[in-house]
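> the sequence and its predicted three-dimensional model are supplied below.
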Amino acid sequence: MKTKLQEVRNRKGLSQEQVAEMVGMTQSNYSRKENGFTKMFQPEWELIAKKIRCFFRRYF
């Protein structure tokens, strides 16, 4: 998941800070989730997918 999320974010030209702001969390919290240090729950995956405009089921 981490690699795919990071790959999609980079392809969209977004920084961790930008995505974190879009979903209402700190950059450090988002980074921990993206890197797999903190569990990310399905509602968070869905919100991120919606905000970065990608299909949740295709990537995650």
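Yes, it's here.

> low-confidence ranges, this structure, go.
Within the chain, the stretches with pLDDT under 70 are 1-2, 56-60.

> what ranges does it have for its helices?
Along the chain, the stretches classed as helices by DSSP state H are 2-11, 16-23, 27-34, 42-51, 56-59.

> need these in a markdown table (columns: mean neighbour count).
No exception for glycine: its C-beta is placed from N, CA and C like everyone else's. Below are these laid out as a markdown table (neighbours: other Cβ atoms under 10 Å):
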| stretch | mean neighbour count |
| --- | --- |
| helix 2-11 | 14 |
| helix 16-23 | 16 |
| helix 27-34 | 17 |
| helix 42-51 | 15 |
| helix 56-59 | 12 |
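
> report the contact partners of the residue most central in space within the chain.
Centroid-nearest residue in the chain, with Cα atoms, centre = their mean: Ile48, separated by 5.0 Å. By Cβ atoms under 8 Å, 6 or more residues apart in numbering, the residues touching Ile48 are 5, 19, 22-23.

> if you set the cut-off to 6 Å instead, what comes out?
By Cβ atoms under 6 Å, 6 or more residues apart in numbering, the residues touching Ile48 are Val23.

> separation between Ile52 and Arg11?
Relative to Arg11, Ile52 is positioned 9 Å away (Cβ to Cβ, to the nearest Å).
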